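Pasted the sequence and its predicted model underneath.
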Amino acid sequence: MGEIESMSENNAAFVALGSRLQGIPEVITLGLKPNFFDYSSFERNMIYRSRIILFPTLNYAQFFSTMGKRIFPSLETYLYADEKIKQTTLFNMLEIPHPRTRFYYHLHYKDILKDFSFPFIGKLPRCSAQGKGVFNIHNRKELDNYLQITSIAYIQEYVPHKKDLRVVLINYQPVIAYWRLSSEHNFRTNISQGGIIDFDNIPPEGLQVAQDCARKCKFNDVGLDLICYEGNWSVIEANMKYGRKGLKLKGLDIKEIMRKILLSGELLLDETL
């Protein structure tokens, strides 16, 4: 009997494709295989019988969702990952508070300065993790430089702030929250850009805004970034590949958190209730 068959016989409760939960004894990780029939007949049967498939990747998440099979994270969590334009459109349609933002294709670049006054923020719509694709634009030269490196201009009003609130939610519940304070010479609060983590005085209203946003968007494994300006909270963006430094500083293990959630049965509850 193979290792997977042995684990199944010993009543391992959950099946995962991606490796995020590897090492959790109750999870059988099958790995990612490009063709479904690369999985053995035994493995395919496990997938069919499992009540939930964990970390299936976007490719398989779409198929499982069409089949009506429960997955974690949600299909929406995959679809909107690293997609700032899609996130902004979703926030606007769901009336989630979000800084005024517009997108411009090349023929409409001339309209940017009709709609925004300096300074404003320019972002790369994709592949701008860790603050690397975020620019504080103060003048026409900086705008022209930004427009040379993107085919779609993602322009957002600048909301003055020295810190933002990162809230990590799993299954729509906050598991950690902390302030990210910008360094002296960098407007970005990202930890990779020199930002500082502060766990003090986390406002309950910020957590509530984050939880409401996650539920409305169906993002059930996400790090949300929020800012508060003049008493009003705004959601800046959703990060599906959120960093682990805050968790480590708090002595939290993401796998142990996931294990507790899995064993509690929360992921199998009807999310519409």
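Thanks, I have the structure now.

By mean pLDDT, point me to the weakest helix or strand of the chain.
For the chain, using mean pLDDT, DSSP states H and E, the weakest element among its helices and strands is helix 3-9, scoring a mean of 52.

Name the next helix or strand downstream of it, please.
Next along the chain after helix 3-9, taking DSSP states H and E as the criterion, comes strand 14-16.

Partner strands of that next one and their direction?
Here strand 14-16 has these sheet partners by DSSP bridges: strand 27-29 (parallel), strand 53-54 (parallel).

Would you mind giving those as TSV with distance to Ile85 and mean pLDDT added?
(Glycine included, C-beta is placed from N, CA and C.) Converted to TSV, the strands paired with strand 14-16 look like this (distance: least, Cβ to Cβ, whole Å; pLDDT from 0 to 100):
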stretch	distance to Ile85	mean pLDDT
strand 27-29	33	97
strand 53-54	28	98
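
Same list, those strands, but as TSV with mean neighbour count please.
Supplementary listing: these in TSV, determined by neighbours: other Cβ atoms under 10 Å:
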stretch	mean neighbour count
strand 27-29	22
strand 53-54	23
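
would you list those strands in CSV and tack on distance to Ile152?
Formatted as CSV, the strands paired with strand 14-16 follow (distance: least, Cβ to Cβ, whole Å):
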stretch, distance to Ile152
strand 27-29, 37
strand 53-54, 33
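
quick one, strands of the stretch 51-200 of the chain?
In the stretch 51-200 of the chain, the segments counted as strands under DSSP state E, counting those that start in this stretch are 53-54, 71-72, 101-105, 120-123, 134-137, 152-157, 163-170, 173-181, 196-198.

can you put the ones you listed in TSV and add distance to Gly231?
What follows is the strands of the stretch 51-200 of the chain, written out as TSV (distance: least, Cβ to Cβ, whole Å):
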stretch	distance to Gly231
strand 53-54	40
strand 71-72	35
strand 101-105	21
strand 120-123	21
strand 134-137	23
strand 152-157	17
strand 163-170	14
strand 173-181	17
strand 196-198	20
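
Among the ones you listed, which comes closest to Lys241?
Set against Lys241 and scored by Cβ to Cβ, these come closest in strand 163-170, at 11.5 Å.

what are the pairing partners of that closest one, and which direction each?
Here strand 163-170 is paired, per DSSP bridges, with strand 173-181 (antiparallel), strand 221-229 (antiparallel).

Nearest to Leu226, out of the strands of the stretch 51-200 of the chain?
Closest approach to Leu226 among the strands of the stretch 51-200 of the chain (Cβ to Cβ): strand 163-170, 4.6 Å.

related to what we said a few turns ago, which one, of the strands of the stretch 51-200 of the chain, ends up nearest to Ile236?
Nearest to Ile236 among these is strand 163-170 (6.5 Å), distances taken as Cβ to Cβ.

hey, C-alpha coordinates of the closest one in PDB?
Output in PDB follows, covering the C-alpha atoms of strand 163-170 (Å, rounded to 0.1, in the frame of the first residue of the first chain):
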ATOM      1  CA  LYS A 163       0.500  54.200   8.300                       C
ATOM      2  CA  ASP A 164      -2.000  51.700   7.100                       C
ATOM      3  CA  LEU A 165      -3.700  48.800   8.700                       C
ATOM      4  CA  ARG A 166      -3.000  45.200   7.400                       C
ATOM      5  CA  VAL A 167      -5.700  42.700   8.400                       C
ATOM      6  CA  VAL A 168      -5.200  39.100   7.600                       C
ATOM      7  CA  LEU A 169      -8.400  37.100   7.400                       C
ATOM      8  CA  ILE A 170      -8.900  33.400   7.000                       C
END
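
quick one: average pLDDT of it?
Mean pLDDT, computed over strand 163-170, is 96.

which residues touch that strand?
Residues outside strand 163-170 that contact it (Cβ atoms under 8 Å, 6 or more residues apart in numbering) are 174-182, 189, 198, 202-203, 206-207, 210-211, 214, 219-228, 236, 242, 246-247, 257-258, 261.

at 6 Å what do you get?
Outside strand 163-170, the residues within contact range by Cβ atoms under 6 Å, 6 or more residues apart in numbering are 174-181, 189, 206, 210, 214, 221-227, 242.

Perfect, that will be all.
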